[in-house]
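*Asks:* coords please:
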Amino acid sequence: MNLSQGEFEDMVRDGVGVIPEKFLNLLDNVDVVVEDEPSLAQRRKMKLRSDMTLFGLYEGVPRTKRGPHYAWVLPDKITIFQRPIEAAARDIEHLKKIVRDTVWHEFAHHFGIEEQRVRAIEAVKRKKAGGGN
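*Replies:* Purely as a prediction, here's the structure:
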């Protein structure tokens with residue numbers, strides 16, 4: 001698949017749009033951006049091997065770790081990586097699902113949910129949905 005960046009950004013906006021409003025209302029100081037691929041610095045930070053890729057990345061201070069002196073900081077950044085997601089998608093519907101799931105995954109990190117817990121929640125969601133991707 002090879003969408004324009006604008007088309008892909010629309011999918012990311014749709015992914016943000018399905019986050020429950022009660023959580024969206026709690027977002028504070030967060031930017032969501034689309035990039036083609038993870039940078040070399042991001043790959044190193046995440047300790048990715050050459051055969052690994054990344055669909056999304058949360059960089060910032062999770063809400064659960066913000067103290068009373070949290071002020072005057074750059075926004076948290078959620079980056080969604082277009083090319084790896086497109087490469088993994090079987091078709092347009094699968095692409096939309098991967099984007100939605102990736103957006104949810106990175107927002108979960110913003111709310112302080114650690115990687116192991118996010119993956120456990122995702123496994124339960126897959127099981128309830130019938131095991132499909």
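*Asks:* give me the number of residues near Val103?
*Replies:* Other residues near Val103 come to 24 when the count uses other CB atoms under 10 Å. Placement of C-beta: from N, CA and C, glycine included.
*Asks:* biggest helix in this protein, by residue count?
*Replies:* Using DSSP state H, we find that the single longest helix of the chain is helix 92-110.
*Asks:* and the angle from the helix or strand that that one is followed by to helix 92-110?
*Replies:* Downstream of helix 92-110, the next assigned helix or strand under DSSP states H and E is helix 115-128. Put simply, helix 115-128 runs at 140 degrees to helix 92-110, going by axes from the mean of the first three to the mean of the last three CA atoms, to 10 degrees.
*Asks:* In helix 115-128, which residues are buried?
*Replies:* Buried residues in helix 115-128, counted by 16 or more other CB atoms under 10 Å: Val118.
*Asks:* what's the answer for stretch 46-62, then?
*Replies:* Thr53, Leu54, Phe55, Gly56, Leu57, Tyr58, Gly60.
*Asks:* Need the per-residue pLDDT for the last one.
*Replies:* Each residue has a pLDDT score; the one for Gly60 is 84.
*Asks:* In the protein, where is pLDDT below threshold?
*Replies:* 131-133 (pLDDT under 70).
*Asks:* all strands of it, in order?
*Replies:* Secondary structure of the chain by DSSP state E: the strands cover 30-35, 56-59, 76-81.
*Asks:* Can you tell me which helices and strands the first one packs against?
*Replies:* Helices and strands touching strand 30-35, by 3 or more CB pairs under 8 Å, 6 or more residues apart in numbering; DSSP states H and E, are helix 5-17, strand 76-81.
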